[in-house]
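> just to be clear, the model below is a prediction. Sequence and coordinates:
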Amino acid sequence: MSTIVQNRKSHHDYEVLEKVEAGIALVGTEVKSCRDHSVSLADAYARMTDGELWLVGVHIAPYAQGNRNNHDPRRDRKLLLHKHEIRRLAQAIEAKGLTLVPLRFYLLRNRVKVELGLCRGKNVRDKRDTLRKKMDDMETRRAIRSHSSA
């Protein structure tokens, strides 16, 4: 399993409650661009439309060797999940006010997959607390490392 792109900002902006693997319906030039790591997940999210999940806001750059049949870089892309998974995610989104955010794109047995996170948005205070905890952990590891080498 090789990671194509990760949404690093997602863990800063959201609290990830659950992760789900989904397939994604792509055209040929989009797959080639994904293999070239020409994908941006900034401001992307999944939306429910007519009982289907759609990935919105993902930018997959046009393929460099593509011809006039190249794809639209910002088009909405259909997510491939079982019906019971879609129903469960739809209930969570509607009832609890959660959001589906793409966490990463990766290749699994030559297929492009997307890892979705069922997320709750963080407020400014939560973001500061997370950053403070991360800095404290880093300082602790640094102190342990320097103490053990002395």
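Everything's here; your move.

> only C-alpha atoms for contact and neighbour calcs from this point on.
Will do.

> after the lowest-mean-pLDDT helix or strand in the chain, which helix or strand is next? Please name it.
In the chain, no helix or strand scores lower on mean pLDDT, DSSP states H and E than helix 10-13, which sits at a mean of 80. Note on helix 10-13: by DSSP states H and E, the next helix or strand toward the C-terminus is strand 14-24.

> show me the contact partners of that next one.
Outside strand 14-24, the residues that touch it by C-alpha atoms under 8 Å, 6 or more residues apart in numbering are 77-81, 111-122.

> buried stuff in that strand?
Buried residues in strand 14-24, counted by 16 or more other C-alpha atoms under 10 Å: 14, 15, 16, 21, 22, 23, 24.

> kindly report the same for stretch 109-122.
Within stretch 109-122, the residues scored as buried using 16+ other C-alpha under 10 Å are 112, 113, 114, 115, 116, 117, 118, 119, 120, 121, 122.

> which stretches of the chain form helices?
Taking DSSP state H as the test, the helices found in the chain are 10-13, 28-35, 83-96, 124-149.

> highest average neighbour count across the ones you listed?
helix 28-35 (a mean of 19; mean count of other C-alpha atoms under 10 Å).

> residue 70 touches residue 29, doesn't it?
Yes. Taking C-alpha atoms under 8 Å as the definition, residue 70 is a contact partner of residue 29 at 6.3 Å.
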